[in-house]
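Colleague: predicted structure and sequence below. I'll ask about it afterward.
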Amino acid sequence: MSEIKEDVINKPNHYHKNEIDVIGYLEKHFPKEGGFTVAEGFFIANVIKYTSRHKEKNGLEDLKKARFYIDKLIEGYKK
C-alpha cells in the first residue's frame, strides 16, 4: 500500500485537525472591518513571517508557504 504524501505547502495536516480548516474559518467568520479582514491580516502576517525567516529555517519551503498566503490575498481581489 502506498502512503499519501502530505502537502506541507498548500494543505498541511496541522491546519486541518478534526476537519477544521483554519483559513476557511477565518475567511467565513471574520468579515471586513476597517481596512482588512482578520483573515487578510493573518495572511499578511504569515507572508512576513515566512519570508523573514526562510534563510534560517526551511529555505525554499518557507518561500512557497509565503507565496501560498500571497495567493490567498490575490484571491480576495478576484471575489
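Modeller: Received, thanks. Source: prediction; values computed, not measured.
Colleague: going by C-alpha atoms from here, please, whenever you check contacts or count neighbours.
Modeller: Will do.
Colleague: which stretches of this protein form helices?
Modeller: Assigned by DSSP state H, the chain shows helices spanning 22-29, 38-53, 60-78.
Colleague: for this structure, give me the ranges with low pLDDT.
Modeller: Residues of the chain meeting the criterion pLDDT under 70: 1-3, 14-18, 20, 31-34.
Colleague: spatially central residue in it, please.
Modeller: For the chain, the residue nearest the mean C-alpha position is Y69 (4.5 Å; CA atoms, centre = their mean).
Colleague: pretty sure that one sits against G41.
Modeller: No. Look at Y69 against G41 with CA atoms under 8 Å: they stay out of range, at 10.5 Å.
Colleague: closest one to N10 among the helices of the chain?
Modeller: With CA to CA, the closest approach to N10 among those belongs to helix 60-78: 6.6 Å.
Colleague: next, count neighbours for K55.
Modeller: Using other CA atoms under 10 Å, K55 has 12 neighbouring residues.
Colleague: go on, D21?
Modeller: Using other CA under 10 Å, D21 is surrounded by 14 other residues.
Colleague: next one: it from R53, what distance?
Modeller: 24 Å (CA to CA, to the nearest Å).
Colleague: quick one: the helices of the chain as TSV, columns for distance to I4 too.
Modeller: Formatted as TSV, these follow (distance: least, CA to CA, whole Å):
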stretch	distance to I4
helix 22-29	22
helix 38-53	25
helix 60-78	19
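Colleague: out of these, flag the one nearest D7.
Modeller: Nearest to D7, of those and by CA to CA, is helix 60-78 at 10.8 Å.
Colleague: how far does that closest one sit from the chain's center?
Modeller: Relative to the chain's own centre, helix 60-78 is displaced by 7 Å; criterion: CA atoms, centre = their mean, to the nearest Å.
Colleague: also stretch 49-59?
Modeller: Its chain's C-alpha centre and that of stretch 49-59 lie 15 Å apart, by CA atoms, centre = their mean.
Colleague: and for stretch 47-55?
Modeller: Remark: stretch 47-55 is offset 13 Å from the chain centroid, using CA atoms, centre = their mean.
Colleague: ok, residues contacting that stretch?
Modeller: Residues outside stretch 47-55 that contact it (CA atoms under 8 Å, 6 or more residues apart in numbering): L60, E61, D62, L63, K65, A66, R67, Y69, I70.
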